[in-house]
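Asks: The following comprises the amino acid sequence and a computationally predicted model.
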Amino acid sequence: MPYSPWDIPMLSNPNEYSNFQCFLQSITPSVLTQQQPPKVPVQMLNGCLSQSLGNNSTGCFSLSDLWKFYKDWSCFGAGVPILLNSGDSVLQYYSPSLSALQIYTRKPVDYYSRLGISCTPKLESDSSDVTSDDSTGDHEVSCQTTERFGHLYCQYNETASPYDRVPLTDKINELAQNYPALLKFQSVQLSPYSWMAVAWYPIYQIPFTRNAKDLSACFITYNTLSSFQGLPCTILEEDEKFQNINTLGKEWGGRMLERDSRRGEIALPPFAVATYKMYGELWTNPETSDKENIASYLNAANSWLKHCKFQHHDFNFFMSRR
């Protein structure tokens, strides 16, 4: 379950923290670790996918537990304590919505069906923003994608206005009507190229704050859905954009990861972030490396989307308004 946002130490030691860091910690999900299912031999995988798996992995978790974590946030919003320039503090709530999603499995869907996982897509939707390998017309492109990323099970790209979106868990349940394994897969069954983007829009503060222009900032966070965290093999090692993000995660996430491991949970901090309407100096702390970190997170998002050849609607919107 989400912890209290007031547990975050930023408010007691503002010289070492910032509102941006506080936001990231407040919206980072943590899920129960699961017993791993039988391993899929890496030798059975092809090309870049087998190389990218490597030995760098986190614990195993189920997607259903991840979606359950977002249930309360989807209903009431995620509370983020924010220290105002006046010295007062408010609890700002953000509504999470599913912005984008790509699920790649390490084995064909039929393999998991034989294990008793109901996962065959019911391709009844005519929507162009939800697709799978089975709905891809170009067989050659599909084969190239499979060799590089794994087997595409489902992908989603939200295009509706933020005011017309349903909460994240409602959207997942909606997608699961056609893609039932969204509620059944475990992270070790997914390739490293499985990810989701969550859009966070402010909805209210407690106490209510007038002239809250600085509090209108919106965010997109990118999280991996796979246990395997290795960098894509086709991204060169000298690509500092991703190297920087690996370092960032260790800088601010270490205490959270340690705390959650003691509770039998693993935290899933975002590997990339994009921002919109982040005005003034409210969100950053000049005593920290916030500005460099924000730029690195943005570069990571841009690099990841280019690597996946994914035209992320929300990301493009954020970039067009910068």
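Replies: That came in fine, so what should we check first?
Asks: what sits against K277?
Replies: The neighbours of K277, taking CB atoms under 8 Å, 6 or more residues apart in numbering as the test, are S216, A217, C218. All C-beta spots, glycine's among them, are computed from the backbone N, C-alpha and C.
Asks: can you pick the most crowded of the residues you listed?
Replies: A217 (23 neighbours; other CB atoms under 10 Å).
Asks: Now do the same for the closest residue in space to that one that isn't next to it in sequence: helix, strand or coil?
Replies: Spatially, and ignoring its direct neighbours in sequence, A217 is nearest to M278 (4.4 Å; CB to CB, 6 or more residues apart in numbering). State at M278, reduced to three classes by DSSP: H, G, I helix; E, B strand; the rest coil: coil.
Asks: residues in contact with M278?
Replies: Contacts of M278 (CB under 8 Å, 6+ apart): F20, A217, I294.
Asks: With H313 instead?
Replies: H313 neighbours (CB under 8 Å, 6+ apart): S99, A100, N157, E158, T159.
Asks: let's see it at 6 Å
Replies: N157, T159 (CB atoms under 6 Å, 6 or more residues apart in numbering).
Asks: how close does it sit to F185?
Replies: Remark: distance between H313 and F185 (CB to CB, to the nearest Å) = 24 Å.
Asks: So what sits opposite the closest residue to T209 other than its chain neighbours in the bridge?
Replies: Among residues not flanking T209 along the chain, V90 sits closest, at 5.5 Å (CB to CB, 6+ apart). Beta-bridge partners recorded for V90 (DSSP bridges): I82.
Asks: Show the pLDDT at V90.
Replies: Looking at V90, its pLDDT stands at 92.
Asks: Do I have it right that it meets V80?
Replies: No. Applying CB atoms under 6 Å as the test, V90 and V80 come out as separate, 9.2 Å apart.
Asks: the more surrounded of these two?
Replies: Shown here are V90 and V80; by other CB under 10 Å, V80 has more neighbours (25 against 19).
Asks: M196 is in contact with Q102, isn't it?
Replies: No. M196 is not in contact with Q102 according to CB under 6 Å; the separation is 7.8 Å.
Asks: pLDDT-wise, which helix or strand of this protein ranks last?
Replies: helix 47-53 (a mean of 46; mean pLDDT, DSSP states H and E).
Asks: Make sure R148 is indeed in a strand.
Replies: No. R148 sits outside any strand when classified using three-state DSSP, being helix.
Asks: That one: neighbouring residues, count only.
Replies: Residues within reach of R148, counting by other CB under 10 Å, total 21.
Asks: Could you tell me how far it is located from A181?
Replies: Taking CB to CB, one finds R148 at 21 Å from A181.
Asks: Equivalent analysis for T159, please.
Replies: For T159, the distance to A181 equals 24 Å [CB to CB].
Asks: what about those two, which has more around it?
Replies: The residue with more neighbours, out of T159 and A181, is A181; 21 against 12, by other CB under 10 Å.
Asks: Correct me if wrong: S62 contacts S187.
Replies: No. The pair S62 / S187 is not scored as a contact, 7.5 Å apart, by CB under 6 Å.
Asks: More neighbours: those two, which one.
Replies: Higher neighbour count among S62 and S187: S187, with 26 against 18, using other CB under 10 Å.
Asks: in the chain, what spans have low per-residue confidence?
Replies: Applying pLDDT under 70 to the chain flags residues 1-15, 35-58, 110-147, 211, 229-263.
Asks: Strands of that one, start to end?
Replies: 30-32, 78-83, 89-105, 130-131, 151-157, 195-206, 218-224, 265-267, 272-276 (DSSP state E).
Asks: I'd like those as TSV, with distance to A301 appended.
Replies: As requested, the strands of the chain are exported to TSV (distance: least, CB to CB, whole Å):
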stretch	distance to A301
strand 30-32	22
strand 78-83	20
strand 89-105	11
strand 130-131	21
strand 151-157	14
strand 195-206	8
strand 218-224	6
strand 265-267	19
strand 272-276	4
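Asks: between these, which gets nearest to S303?
Replies: strand 272-276 (8.2 Å; CB to CB).
Asks: Specify the angle between that closest one and strand 89-105 in degrees.
Replies: 130 degrees (axes from the mean of the first three to the mean of the last three CA atoms, to 10 degrees).
Asks: So in that sheet, which strands flank strand 272-276, and in what orientation?
Replies: Strand 272-276 is paired, per DSSP bridges, with strand 218-224 (antiparallel).
Asks: Just the C-alphas of the partner strand, formatted as CSV.
Replies: Output in CSV follows, covering the C-alpha atoms of strand 218-224 (Å, rounded to 0.1, in the frame of the first residue of the first chain):
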residue,chain,number,x,y,z
CYS,A,218,2.5,18.2,-15.0
PHE,A,219,4.7,15.2,-15.4
ILE,A,220,5.1,12.0,-17.4
THR,A,221,7.0,9.2,-15.7
TYR,A,222,8.4,6.2,-17.4
ASN,A,223,8.7,2.8,-15.6
THR,A,224,10.0,-0.5,-16.6
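Asks: does N223 have beta-bridge partners, and which?
Replies: As for beta bridges, N223 partners with M196 under DSSP bridges.
Asks: Cheers, nothing more for now.
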